[in-house]
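Colleague: could you look at this predicted model? Sequence included:
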Amino acid sequence: MINFDQNSSKPIYEQIYEQFVKLISNKVLKTDEQLPSVRDLASSVRINPNTIQRAYKLLESKNYIYSVPGKGNFVSKADNLISAELERAENQFVRSIKEMKILGITDERVMDLTQMTLKGVESDASNKFVE
Amino acid sequence: MLQISLLNKSFRKFHVLKDINVNAEAGQIYGLVGSNGCGKTTLLKHIIQVFRQDSGEIHYNNNLITEKSEEIKDFYYVQDDLFFPQNSTLKSLYDFEKLLYTDMSLEKFNRLVKYFKIDINKKLNSMSKGQKRQAAFVLAMAANPKVLLLDEIVDGLDAVIRRKFWNVLIKEVIENNITVIISSHALKELDNICDKVGIMHEGTIIKEEEMESLKENLKRVQFAIEGEYEDIIDESFTLLKSIKVGSVYFVTLRGDVDAFRKSLEDRYKLLIFDELAVNLEEIFITELGGAGYGMEELDS
């Protein structure tokens, strides 16, 4: 279920975090479903338990999961998930804009694209990349 | 938890351990890595006081450790070159060690014997190197130590057994909050498992740091540019190593990767730029390279 890529420059805890986010967003893991225990996950993927703990703490702080002392970690209620998803989507939007800036796309173009997308106009972004 | 401070040891004229400092906490897996003959085994043998230091101290839970300390019963050392008494079996060793270790658990012993599929009545000296290591490990776990010292134990095990070994060890660390100090040359095995790493070279610990911060501090990138690249000097990063393979450059650096990328863009037309994973092997080679190890050129 959970995997990590040794050759990625992303820290392992982040990789694990992202995979759980995906599993929760895709409803593979449903509300109130229990996540594997730190112990089981650590020994099955062979990584340090504290790394798993760190990923779980991050999931909890982002409202994807809640923990019950002595019992374990569970997937959050739908409303909590929505706020987590909103935050994720916003972050993604901000990252995309930053990337466009790095590639040298003008502010006007970014604004145009945003407005066009909002208006539901089919954007031609794929054809008009950078000169 | 376990603190070693300014430990020194000489065998005749040979200064084997020089001002060694080690700090390992409960629930921590501590990886002891180093060049061949750097003193890892000698250091482990000091912790259980088989060897006595010329100077320096070892503390466990703030108590000074000497050869007479009661605390040593909480330590268990599995050595690299296993030596068993003639005709002994795992069963007979268990019965013997039960007298030494008060927390010895028969239930755990039986469970692990079954898990590793070991014949407890077979003579240990007729077993293969890997089987001997498994037997010694099972015995160590059954003794329920608080501090487990493992000397190159994974180096002789096959992939399936290694997986079983880590399974058992990780569960033990979580459930009983023990401290594990494990030495190894198999850096890929220790990567992502250890909380902390001590890198040894020629009798000194040249670096002791949490694995996570080691990885955060060292960066590797690959990039390609138009024109000839020359190393950049900047205060926000330090370039440690640059090599060119074909038209791609591989650079190891400390500090701000984004600042490095920016300064490349200011100087050259940057064609590709990727951050690469940093593994323990890379860290090891970089740290030992800094100490002058392995920097010799291969004459062609």
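Modeller: Good, I have the coordinates. Nothing here was measured: the structure is a model prediction, and the numbers come from that model.
Colleague: rest of the way, CA atoms for contacts and neighbours
Modeller: Noted.
Colleague: check the secondary structure at A:Gly120 for me.
Modeller: Here A:Gly120 takes the coil state, with states given by DSSP: H, G, I helix; E, B strand; the rest coil.
Colleague: what residues does chain A put near chain B?
Modeller: For chain A, the residues in contact with chain B (CA under 8 Å from any CA of the partner chain) are A:6-10, A:12, A:39, A:42-44, A:46-50.
Colleague: the residues you listed, buried ones only, as a ChimeraX selection?
Modeller: Selecting only the buried entries of these in ChimeraX, with 16 or more other CA atoms under 10 Å in any protein chain shown as the criterion:
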select /A:9,12,39,42,43,44,46,47,48,49,50
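Colleague: out of the residues of chain A next to chain B, which sit inside helices?
Modeller: Among the residues of chain A next to chain B, the members falling in helices (DSSP state H) are A:Ile12, A:Arg39, A:Ala42, A:Ser43, A:Ser44, A:Pro49, A:Asn50.
Colleague: which one of those is nearest B:Asn144?
Modeller: Each of these was scored against B:Asn144 by CA to CA, and A:Arg39 proved nearest at 18.3 Å.
Colleague: and the closest one, how close does it get to B:Gly34?
Modeller: For A:Arg39, the distance to B:Gly34 equals 29 Å [CA to CA, to the nearest Å].
Colleague: poorly predicted segments of the chain, please.
Modeller: No chain in the question, so chain A it is. By pLDDT under 70, the weakly predicted segments of chain A are A:121-131.
Colleague: I was thinking of chain B, sorry if that wasn't clear
Modeller: Residues of chain B meeting the criterion pLDDT under 70: B:295, B:297-300.
Colleague: quick check: the residue of it nearest chain A.
Modeller: Residue nearest to chain A within chain B (CA to the nearest CA): B:Ala277, separated by 3.8 Å.
Colleague: residues contacting that residue?
Modeller: The neighbours of B:Ala277, taking CA atoms under 8 Å, 6 or more residues apart in numbering or on different chains as the test, are A:Gln6, A:Asn7, A:Ser8, A:Ser9, A:Lys10, B:Lys219, B:Arg220.
Colleague: next, the residue lying closest to the first one once chain neighbours are set aside: phi, psi?
Modeller: I take that to be A:Gln6. Distances taken as CA to CA, 6 or more residues apart in numbering or on different chains put B:Ala277 closest to A:Gln6, at 7.1 Å, once the chain neighbours are dropped. For B:Ala277, the backbone dihedrals (degrees, to the nearest 10) come out as phi -70, psi 140.
Colleague: one more: the one 4 residues further on?
Modeller: According to degrees, to the nearest 10, the main-chain angles of B:Glu281 amount to phi -60, psi -40.
Colleague: wait, it sits on B:Lys188?
Modeller: Yes: in terms of CA atoms under 8 Å, B:Glu281 counts as a neighbour of B:Lys188; the distance is 7.1 Å.
Colleague: contacting residues around the helix or strand where A:Asp79 lies?
Modeller: In this assignment (DSSP states H and E), A:Asp79 forms part of helix A:78-102. Applying CA under 8 Å, 6+ apart, the contact partners of helix A:78-102 are A:Ser25, A:Thr31, A:Lys62, A:Asn63, A:Tyr64, A:Asp107, A:Val110.
Colleague: for B:Phe116, which non-adjacent residue is spatially closest?
Modeller: The nearest residue in space to B:Phe116 (CA to CA, 6+ apart) is B:Gln134, at 7.2 Å.
Colleague: wait, I meant A:Ile24
Modeller: Nearest to A:Ile24 is A:Lys30, by CA to CA, 6+ apart, at 6.6 Å.
Colleague: how many neighbours does the one you found have?
Modeller: Counted with other CA atoms under 10 Å in any protein chain shown, the burial measure for A:Lys30 works out to 16 neighbours.
Colleague: isn't B:Ala136 right next to B:Tyr76, touching?
Modeller: No: counting by CA under 8 Å, B:Ala136 stays clear of B:Tyr76, with 10.6 Å between them.
Colleague: I'm done for today, thanks for sticking with me.
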